[in-house]
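Novice: Just a sequence and a predicted model for now, questions to come.
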Amino acid sequence: MIKTAAIFSGTRLGCIRGGRVVFAGLGFTVEAGGALVLLGPNGSGKSSLLRVMAGLLKPAVGTLSWGGATVADDPEAHAGRTHYLGHHDAVKPVLTVAENLGFWARLHEPHAATAGRAVEVALERFGLGHLAAMPGKMLSAGQKRRTNLARLLAAPSPLWLLDEPTTALDRASIKTLEAVLAEHRAAGGMVVLSTHADIDLPGAVELHLDQFAAADEDES
């Protein structure tokens, strides 16, 4: 069970990519059981913000905090409580679906039996049981995405950061994801995701990134 009483927050965050200010003065707060949905047009910084939240990209300015402590002071602890799923499905082509999930499970759980059970649960929940022995290179786009999402259950973490998680999913798989997200939040977990598609995330707070775009220097 995921349990945390911490608050994850960002204060006056700014991000620069390729010499361009992507966003500035951005703030957010996510409490245990909470969800934050990142919205905005392409290029508004949704993916960049998720990478900043994950500690994969250093903000140009501003502070990330967890439970009142600055994330930058202990990046390893933050990595241990965070599960980031980006645009690209991290599925190793030569490993089977079960082996891919087992790799992630063992990163979070040193006990083989416990990790193995977590993999079984993840396979069943995302309808991958019949594909357990299938090499990653043989999977369709939707199957790869479900395998990637199954990592969330195979390697549990309090904070889930998801970049367009519904891409390539059919409606039934989206329903499964919605249920998994609800259960994670009910157990005290946190969810931050970007999306261009409708997803049922009751009580989620919306963050519109275009509101934090840098002002045009030519404007008077």
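Specialist: That came through fine. Here the structure is a predicted model, which means the values were calculated and not measured. Numbering: from 1, shown residues only.
Novice: the strands in the protein, which residues?
Specialist: Under the criterion DSSP state E, strands of the chain are mapped to 7-17, 20-31, 35-39, 61-66, 69-70, 82-85, 159-163, 190-194, 205-208.
Novice: could you dump the ones you listed to TSV with distance to residue 91 and mean neighbour count?
Specialist: C-betas here are computed from N, CA, C, even on glycine. Shown next, in TSV, are the strands of the chain (distance: least, CB to CB, whole Å; neighbours: other CB atoms under 10 Å):
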stretch	distance to residue 91	mean neighbour count
strand 7-17	26	18
strand 20-31	28	17
strand 35-39	24	20
strand 61-66	29	17
strand 69-70	34	12
strand 82-85	11	21
strand 159-163	15	23
strand 190-194	19	24
strand 205-208	29	14
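Novice: For those, give me TSV that also has mean pLDDT and distance to residue 129.
Specialist: Putting the strands of the chain into TSV (pLDDT from 0 to 100; distance: least, CB to CB, whole Å) gives the following:
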stretch	mean pLDDT	distance to residue 129
strand 7-17	97	33
strand 20-31	96	33
strand 35-39	97	28
strand 61-66	97	35
strand 69-70	96	40
strand 82-85	96	21
strand 159-163	98	23
strand 190-194	97	25
strand 205-208	97	35
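Novice: Of these, which is nearest residue 54?
Specialist: Nearest to residue 54, of all these, is strand 82-85, at 4.0 Å by CB to CB.
Novice: burial count for residue 114?
Specialist: A count of nearby residues for residue 114, using other CB atoms under 10 Å, gives 13.
Novice: The one 3 residues further on too?
Specialist: Residue 117 has 14 neighbours, counted by other CB under 10 Å.
Novice: That one and residue 153, how far apart?
Specialist: 11 Å (CB to CB, to the nearest Å).
Novice: burial of the closest residue to residue 153 other than its chain neighbours, as a residue count?
Specialist: Take residue 153 and drop its neighbours on the chain: the residue closest to it by CB to CB, 6 or more residues apart in numbering is residue 122, 3.9 Å away. Neighbourhood size, residue 122 [other CB under 10 Å]: 28.
Novice: Ok, residue 177 next?
Specialist: Residues near residue 177, counting by other CB under 10 Å: 23.
Novice: I'd like the numbering to begin with 411 instead of 1 from here.
Specialist: With the count now opening at 411, the last piece we talked about shows up as residue 587.
Novice: Tell me how far the most centrally placed residue in the chain lies from residue 491.
Specialist: In the chain, the C-alpha nearest the mean C-alpha coordinate belongs to residue 571, at 1.9 Å (CA atoms, centre = their mean). From residue 571 over to residue 491 the distance is 11 Å, taken as CB to CB.
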